[in-house]
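In: Structure of the sequence below:
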Amino acid sequence: MSKGVDWEGQRAFLAVMETGSLSAAARHLGLSQPTMRARIEALEAALGTALFTRSVHGLVPTPTAEAMIASARAMAHASEAMLRAASADSTEVAGRVRLSVSEFVGIEVLPPMLRRLRDRHPRLDVEFELSNASANLLDQQVDVAVRMHPPEQSALVAKKVTPIPLGFFAHRDYLEAYGRPASRAEIGAHLFIGPDRNRGDLAVATRLGDPGNIRWIARTDSHPAQLALARAGLGIAVAQIPAVAHDPELERVLPDIELPQLPVWIVTHENLRRLPRVAALFDHLVESFEAYGRNEIL
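Out: Coordinates of the predicted model:
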């Protein structure tokens, strides 16, 4: 391989692969389209091979480009990890730290926790990604993750915290219109918001009883969407009790139907655990989720 391959060319390649066009990749990197094209052409010349072919649908990656994408992403993650490590003195609680959480936690749970973290450590900058897929902590795509399943890799450090209780909730407008279900026998007279294809969530839905008696008014695997539909008065949905127990518009129903609790682990890489910026976030999340699982307000 030619020594003329530089990181800027590889960044351009990754951006085109992920966005599908020169123009979108240029916008993503804050470059002009001619500059983006020049970087791709320079990379192809340095490698001695074509990376893209043009079609009516835009740029189509060649087999060589497809083979390169995993390595390019790994280099991008390593570059980001390096920049985070260099963002502050390693002895201070300051700089950038990256966190991975599920969509529901990021939208409904995390914001007040981050506010308290800011009050404690005003020089700490938290970047967080919302995804129900597990971010790769081994190659340091993120520094800390909140997971609902135990880590399997030995290089990861995890702290299991108080599990999150689940319950059925409905908006008071729905209850005024349809009444409050008092028992399983009345479930067939009500409307429910539930999962679509997620197996774990479908298993929770079986706690309602015979699937043939359940009237699904809306189905989605997005937990924030389920809660939004319940807040709109559309029907009854499962939600994390601590997240909605203090919402004056929502009321808990069917409390006698026992639902499984949601296990939670705070996870980081063993090489990062003692870094002040990572330790501050890790320990704060442990404390915050312990209180959250007990439905306490810090």
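
In: doesn't Arg219 make contact with Pro195?
Out: Yes: counting by C-beta atoms under 8 Å, Arg219 is a contact partner of Pro195 at 6.5 Å. In short, each C-beta sits where N, CA and C put it, glycine included.

In: ok, the two, which is more surrounded?
Out: Pro195 (20 against 17; other C-beta atoms under 10 Å).

In: tell me the contacts of the more buried one?
Out: By C-beta atoms under 8 Å, 6 or more residues apart in numbering, Pro195 lies in contact with Asp201, Leu202, Val204, Ala205, Arg219, Thr220, Asp221, Gln226.

In: Now with 10 Å, please.
Out: 201-205, 216, 219-223, 226, 238 (C-beta atoms under 10 Å, 6 or more residues apart in numbering).

In: residues near the closest residue to Ser183 other than its chain neighbours, how many?
Out: Leaving aside its sequence neighbours, Ser183 sits nearest to Asp256 (C-beta to C-beta, 6 or more residues apart in numbering; 7.4 Å). Number of residues near Asp256 (other C-beta under 10 Å) recorded here: 7.

In: Going forward, the N-terminal residue is numbered 7.
Out: With the count now opening at 7, the last piece we talked about shows up as Asp262.

In: Now do Asp262 against Lys165, distance only.
Out: Per C-beta to C-beta, to the nearest Å, Asp262 is found 32 Å from Lys165.

In: Tell me the helix or strand right after the lowest-mean-pLDDT helix or strand in the chain.
Out: Counting by mean pLDDT, DSSP states H and E, the chain has its least confident helix or strand at helix 69-91, which shows a mean of 75. The first helix or strand that comes after helix 69-91 along the chain, using DSSP states H and E, is strand 101-107.

In: just checking, what packs against the helix or strand following that next one?
Out: The first helix or strand that comes after strand 101-107 along the chain, using DSSP H and E, is helix 109-110. Under the contact definition 3 or more C-beta pairs under 10 Å, 6 or more residues apart in numbering; DSSP states H and E, helix 109-110 sits against helix 229-237.

In: What are the contacting residues of the helix it packs on?
Out: By C-beta under 10 Å, 6+ apart, helix 229-237 touches 108-114, 136, 138, 174-177, 179-180, 198-202, 204, 207, 223-226, 228, 240-246, 249-250, 253, 255-256.

In: For it, list every residue counted as buried.
Out: His229, Pro230, Ala231, Gln232, Leu233, Leu235, Ala236, Arg237 (16 or more other C-beta atoms under 10 Å).

In: Any idea how many residues pack against the nearest residue to Ala286 once chain neighbours are set aside?
Out: Among residues not flanking Ala286 along the chain, Val99 sits closest, at 4.5 Å (C-beta to C-beta, 6+ apart). Under the neighbour criterion other C-beta under 10 Å, Val99 is assigned a count of 20.

In: With Val273 as the reference, measure out to Val99.
Out: 20 Å.
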